[in-house]
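Chemist: Quick one: sequence and predicted model below, then my questions.
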2 protein chains.
Amino acid sequence: MPYPHYAGGMAQIRIALAQIDTCVGDLEGNAEKTLEYAHRAARQHAQVVVFPEMTLTGYPIEDLALRRTFRKAAWDKANWLATELEADGLGDVYVVVGTVGTDHASDKPRNRLVVLHNGVVWAGYDKHFLPNYGVFDEFRIFSPGDHSTIVEVDGVRLGFAICEDIWQDGGPVAELAGRGIDVLVTMNGSPYEEGKTHTRFDLAVRRAKEVSAPVVYVNQVGGQDDLVFDGGSFTVDADGTLLQRSPMFVEDLGLFDFDTDAEHQTAGVIAAAPDKDEEVYTACVLGLKDYMRKNHFSGVCLGLSGGIDSALVAAMAADACGGSNVWGISMPSMYSSDGSKDDAADLAANIGAHYDIQPIEPLFVAYQNQLHLEGVAAENLQARIRGVIVMAYSNSKGVLALATGNKSELACGYSTIYGDAVGGYAPIKDLLKTRVWELARWRNEACAHGMGVGGLHIVGNESGQHGKPAPDDTIIPVNSITKAPSAELRPGQKDSDSLPEYALLDQVLAEYIEHAHGRADLLADGFDEKTVDTVMRLVDRAEWKRRQYPLGPKVTALAFGRDRRLPVTSAFRE
Amino acid sequence: MPYPHYAGGMAQIRIALAQIDTCVGDLEGNAEKTLEYAHRAARQHAQVVVFPEMTLTGYPIEDLALRRTFRKAAWDKANWLATELEADGLGDVYVVVGTVGTDHASDKPRNRLVVLHNGVVWAGYDKHFLPNYGVFDEFRIFSPGDHSTIVEVDGVRLGFAICEDIWQDGGPVAELAGRGIDVLVTMNGSPYEEGKTHTRFDLAVRRAKEVSAPVVYVNQVGGQDDLVFDGGSFTVDADGTLLQRSPMFVEDLGLFDFDTDAEHQTAGVIAAAPDKDEEVYTACVLGLKDYMRKNHFSGVCLGLSGGIDSALVAAMAADACGGSNVWGISMPSMYSSDGSKDDAADLAANIGAHYDIQPIEPLFVAYQNQLHLEGVAAENLQARIRGVIVMAYSNSKGVLALATGNKSELACGYSTIYGDAVGGYAPIKDLLKTRVWELARWRNEACAHGMGVGGLHIVGNESGQHGKPAPDDTIIPVNSITKAPSAELRPGQKDSDSLPEYALLDQVLAEYIEHAHGRADLLADGFDEKTVDTVMRLVDRAEWKRRQYPLGPKVTALAFGRDRRLPVTSAFRE
């Protein structure tokens, strides 16, 4: 072994928390990164290195798990990694990685943890609780494991659990508590949600008390399709004390030294927690950045209206890939105000983006010569002409088209299908409008104060990618933030003509969409009847519109469309 | 009781199989229809009437089940129905309906069967096996039942099972076999697939032998979102003899007379089975027809290119809603052949559709003055201009836009997103191209021979909706069927420039998509390496493109988008 062990007592071990960003299907790349982090951990004298859930395959792999060729390749890769670790002199290290296994009785896949040691795949544990709610579909794909696993390392008993196993009572954790362990090691693929850091911590504290031992919580980091994993791995002591915490949104190698003789374990590095706005902004940027990287996009294009939504998306894009890789397209109509055009141009200049002006009036006139549309149909026509232009840029420049819709307008259907809704990725589709304003203000502050954002280069800051910050050091023109929102599809149009004011609307949306509050609940929440009925009608209708395409009859036995669920981002090729 | 019982012996009962078309969320309408069929059954002297799975709520209800207000309303509706039956003098009849229940321990929904009798909700059974594969997501939504139920009617012991319960070994059927029953009554929501009739029958035979009793299999009929339920309810005797069969694709009331004293039960009406092409064609038309009805559309619009895909879709649409409710739009480009334009016009005339010509060249020129696109970007532009026009018709006339893509081209990505792929419903998206040709030929034959199609009015036949059939009595111009497929987006373009010949392509697609055959399997199937690699590359890339929109980061705890799954068609309003 090239790197000496941590010089502890007989029952002292160093555990490394390898918080890495994997890519679904990229067995090669994930294994290489695992090897690299195992080396780093060994150089730090760790005897045990723990990686996130399904390290080698990436997570979540959805129906890719059902492909036998993929499972075979994953199995081969785990063996290759064990051999490679041994050949590199790391055979003594216990490398705990996640992968996909097969339940040979049922031929169904398993969500599996394996311990690589002495050149072989040495011990295994299969996830017991398979979440099948919210964004999770695991019971659909995997068969559950049925026994707990303990591995003894230098006299220290390590018990294992995978993600959901610690969110449910009973099962493997209860079993481990009964068997007695020194440390509970968990590997996780826990997607980011606002406020989830506290939930996870409280949960780990509860499990630490249950097993009377410290809990090591290693989480994945990075974007995968529409999920963002925030990392933030940590260790809590048996009594619930936070011992160590990795930063959010970046790869990291955390360390935890465990001593069986100590009543309380020694604390290590505790990374600072970002503030609320920084956290969400960074999550959005990381989601976009990883989506682009994992799908081999180097640039983006988007419509710049001068409004707040496209401005925020453009700023996020510049932070994700650099302003020089952003194509901003101003597409003024006969109803666009001069202010809007100026704001769009200023924003583009501030982030150093390419900026083109493509007036839509000549195109609108050409269509209207044939179609003679009126009312909403004519408004939608303008939005769809813009959609065609954005897609033309995407096709001709080979860049990713970004949709700029926010959650409030998408929820209410205040958006045109095949119009402003076009795009391969929608960076702010999960942000309510009031949140969009908050983040825009925060982003301007971050620029003005030269703040870093979790591992990101902030455009307009001291990074090499910046454009020409506006004289007052704002990135997003103040006017875009303060003016009344308008789709500018007819003279004098305001969002508030069709929707309740956003401050109220967003509150109702949160209750209706999140808590599945029904009509009676919403009235009991104190919202007035007119608002409740308006919002419910809009949301239900928008949900119907959003989901209808690509609806069509399923008439053959061929699995396709609704019954085949592969990850969008996947590097796996047979 | 207004209608006398069937005059059998003490252990003779008549069971009615009420094969009805429900609508998700339409508690009112579903209950009214149930009442109507209960009356019809009683008039036929039935003591027991069995309805399809989740009769009152419609099926599948997806996350609608999670709304407490909906569960409460469903429960109230079941009670209302029991009271109503009693008030109408049908209290003596055992009315077996499906609905959603609540597991009070976990507060999770249950997929429930209830027996309405003497004015009350009298007995219940909860589905045990919850399918969570293919198109099914039930384990995600429901909690499983844990005990079997037997109801004794006039001395006859009826055991119950719901759909998947008979597809799995063990569970309630095994339990009922142990307890001893006279008839196994099953309510089903089993979606149509080519060839599934035989699978269901074989399965029922197996279960009949397991419980040593006849099996009554009542299936739902009608379209719901992208599923089509084909009905085809039936009864098999304990020895596997087919005793009775309802027709496919129409509502029906089947009857089965059971006599405990008889060694073999008496056979009833056995509906003829449609041929293979009629079956699939009818499934597609019923899917579209019900989608329109349940979503309150009275007409459709679609692009008519003169090609086979749009011709078949137009014929299906005319059969679903009458030719006079179909808007066909010819959108020739500079590359469209005269033959294509003529074929489109002939087709429209044959089905009696509205027919407009909207040349796209002036629009293409207007865009190109600004954008100067080349290659595929310029081809996509033409398709997207057509998409904008189709959506303009949809918006201005309030009709449903139909996408005309077939499964082969969608699978291979030979289609333009936001272009020819626009539409709220895609009637042939699950038909391979070779199947499209077969059905077009079949449809012309059906017209020529004046054949009826499972309850449909065939346009061009003797129905009142027909247009002006072509002199040779074909509906779909022969030229549309026989010419080489082309997108006509550049001079001389043929599908075969980009894709393998459809006869070969479709075989590879079937293996790759259906059987998840990997590369090695496909080579072992005898396909050549070049074809296999081409098809796999196209399919994987197209799948990626198809799934990417509306991708975006999930950053808040609010359930929305990926983690909220409501049915598209739902009549439920709080």
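Modeler: Now that the structure is in, tell me what you want to look at. Numbers count the residues shown, from 1 in each chain, chains lettered A, B, ... in the order given.

Chemist: Which residues does the helix or strand that contains A:His39 contact?
Modeler: Secondary structure assignment for A:His39, by DSSP states H and E: helix A:27-43. Identification of contacts with helix A:27-43 by Cβ atoms under 8 Å, 6 or more residues apart in numbering or on different chains yields A:1-3, A:16, A:18, A:20, A:22-23, A:49, A:51, A:55-58, A:73-74, A:77, A:80-81, A:84-85, A:88, A:90, A:93, A:95, A:97, A:253, A:571-572. Just so you know, the C-beta spots here come from the backbone N, C-alpha and C atoms, and that holds for glycine as well.

Chemist: For A:Gly222, see how far away the residue nearest to A:Glu53 when sequence neighbours are not counted is.
Modeler: The shortest distance from A:Glu53 to any non-neighbouring residue, by Cβ to Cβ, 6 or more residues apart in numbering or on different chains, is to A:Gly189 (3.7 Å). Distance of A:Gly189 to A:Gly222, given as Cβ to Cβ, to the nearest Å: 10 Å.

Chemist: Common neighbours of these two, please.
Modeler: A:Phe229.

Chemist: between those two, who's got more neighbours?
Modeler: Neighbours were counted for A:Gly189 and for A:Gly222 using other Cβ atoms under 10 Å in any protein chain shown; A:Gly222 has more, 26 against 23.

Chemist: The one helix or strand that one maps to and chain B, any residue contact?
Modeler: A:Gly222 is located in strand A:221-224, with elements delineated by DSSP H and E. Yes: interface with chain B: strand A:221-224 contributes A:Gly223 (Cβ under 8 Å from any Cβ of the partner chain).

Chemist: That strand packs against which elements?
Modeler: Judged by 3 or more Cβ pairs under 8 Å, 6 or more residues apart in numbering or on different chains; DSSP states H and E, the packing partners of strand A:221-224 are strand A:227-230, helix A:276-294.

Chemist: Give me the sheet partners of that strand and which way each runs.
Modeler: For strand A:221-224, the paired strands and their directions (DSSP bridges) read strand A:227-230 (antiparallel).

Chemist: Tell me the first helix or strand C-terminal of the partner strand.
Modeler: Following strand A:227-230 in sequence order, the next helix or strand is strand A:234-236 (DSSP H and E).

Chemist: Next secondary structure element downstream of that next one?
Modeler: Per DSSP H and E, the first helix or strand lying C-terminal to strand A:234-236 is strand A:242-245.

Chemist: Could I have the CA atoms of the helix holding A:His39 written out in CSV?
Modeler: Only the C-alpha atoms of helix A:27-43 are listed here, as CSV (Å, rounded to 0.1, in the frame of the first residue of the first chain):
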residue,chain,number,x,y,z
LEU,A,27,-19.5,3.5,-16.4
GLU,A,28,-16.0,4.4,-17.7
GLY,A,29,-16.0,7.9,-16.5
ASN,A,30,-17.6,7.1,-13.2
ALA,A,31,-15.1,4.3,-12.5
GLU,A,32,-12.2,6.6,-13.4
LYS,A,33,-13.4,9.3,-11.1
THR,A,34,-13.9,6.7,-8.3
LEU,A,35,-10.4,5.5,-8.8
GLU,A,36,-9.1,9.1,-8.6
TYR,A,37,-11.0,9.8,-5.4
ALA,A,38,-9.9,6.5,-3.8
HIS,A,39,-6.3,7.7,-4.5
ARG,A,40,-7.0,11.0,-2.9
ALA,A,41,-8.6,9.3,0.1
ALA,A,42,-5.6,7.0,0.5
ARG,A,43,-3.2,9.9,0.3
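
Chemist: Apart from its neighbours in sequence, what residue is nearest the residue of the stretch 201-350 of chain A found nearest chain B?
Modeler: As assessed by Cβ to the nearest Cβ, chain B sits closest to A:Gly287 within the stretch 201-350 of chain A, at 3.3 Å. Among residues not flanking A:Gly287 along the chain, B:Pro553 sits closest, at 3.3 Å (Cβ to Cβ, 6+ apart).

Chemist: for the one you found, phi and psi?
Modeler: Backbone dihedrals for B:Pro553, given as degrees, to the nearest 10, come out at phi -70, psi 140.

Chemist: A:Ser486 too?
Modeler: Taking degrees, to the nearest 10, you get phi -150, psi 140 for the backbone angles of A:Ser486.

Chemist: For burial, what's the neighbour tally of it?
Modeler: Per other Cβ under 10 Å, the neighbour tally for A:Ser486 reads 20.

Chemist: any idea of the mean pLDDT for the helix holding A:His39?
Modeler: Helix A:27-43 carries an average pLDDT of 98.

Chemist: now that helix against helix A:276-294, angle please.
Modeler: Put simply, helix A:27-43 runs at 130 degrees to helix A:276-294, going by axes from the mean of the first three to the mean of the last three Cα atoms, to 10 degrees.

Chemist: Name the strands paired with the helix or strand that helix A:27-43 is followed by and say parallel or antiparallel.
Modeler: Using DSSP H and E, the next helix or strand after helix A:27-43 towards the C-terminus is strand A:48-50. The sheet places strand A:48-50 alongside strand A:12-19 (parallel), strand A:94-103 (parallel), with pairing taken from DSSP bridges.

Chemist: Would you format those strands as CSV with mean pLDDT, distance to B:Val156 and mean neighbour count included?
Modeler: Output for the strands paired with strand A:48-50, formatted as CSV (pLDDT from 0 to 100; distance: least, Cβ to Cβ, whole Å; neighbours: other Cβ atoms under 10 Å in any protein chain shown):
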stretch, mean pLDDT, distance to B:Val156, mean neighbour count
strand A:12-19, 97, 64, 26
strand A:94-103, 97, 42, 25
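
Chemist: Can I get those strands in CSV including distance to B:Leu312?
Modeler: Formatted as CSV, these follow (distance: least, Cβ to Cβ, whole Å):
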stretch, distance to B:Leu312
strand A:12-19, 54
strand A:94-103, 41
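
Chemist: Of those, which is nearest A:Glu501?
Modeler: Nearest to A:Glu501 among the strands paired with strand A:48-50 is strand A:12-19 (41.5 Å), distances taken as Cβ to Cβ.

Chemist: hang on, the earlier thing: wait, doesn't the residue nearest to A:Glu53 sit right on A:Tyr59?
Modeler: Yes: applying Cβ atoms under 8 Å, one finds A:Gly189 in contact with A:Tyr59, separated by 3.9 Å.

Chemist: Please identify every residue contacting each of these two.
Modeler: In contact with both A:Gly189 and A:Tyr59: A:52-53, A:98, A:220, using Cβ under 8 Å, 6+ apart.

Chemist: got the contact list for the closest residue in space to A:Gln168 that isn't next to it in sequence?
Modeler: Distances taken as Cβ to Cβ, 6+ apart put A:Phe129 closest to A:Gln168, at 4.5 Å, once the chain neighbours are dropped. Counting by Cβ under 8 Å, 6+ apart, A:Phe129 touches A:144, A:164-165, A:167-168, A:171.

Chemist: Could you identify the most distant pair in those?
Modeler: Greatest spacing in the contacts of A:Phe129, by Cβ to Cβ: A:Pro144 and A:Trp167 (14.1 Å).

Chemist: Which residue ranges make up the domains of chain A?
Modeler: Domain ranges of chain A: A:13-261, A:279-499, A:500-566, per automatic domain parsing.

Chemist: could I get the ones you listed as TSV with distance to B:Thr149?
Modeler: Output for the domains of chain A, formatted as TSV (distance: least, Cβ to Cβ, whole Å):
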stretch	distance to B:Thr149
domain A:13-261	26
domain A:279-499	42
domain A:500-566	30
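
Chemist: among those, where is the model least confident on average?
Modeler: Ranked by mean pLDDT, the domains of chain A bottom out at domain A:500-566, which scores a mean of 83.

Chemist: Centroid-nearest residue for chain A?
Modeler: Residue closest to the average C-alpha location in chain A (Cα atoms, centre = their mean): A:Val228, at 1.0 Å.

Chemist: In ChimeraX, select just the buried ones from the contacts of helix A:27-43.
Modeler: Of the contacts of helix A:27-43, the buried ones go into a single ChimeraX selection, burial set by 16 or more other Cβ atoms under 10 Å in any protein chain shown:
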select /A:3,16,18,20,22,23,49,51,55,56,57,58,73,74,77,81,84,85,90,93,95,97,253,571,572
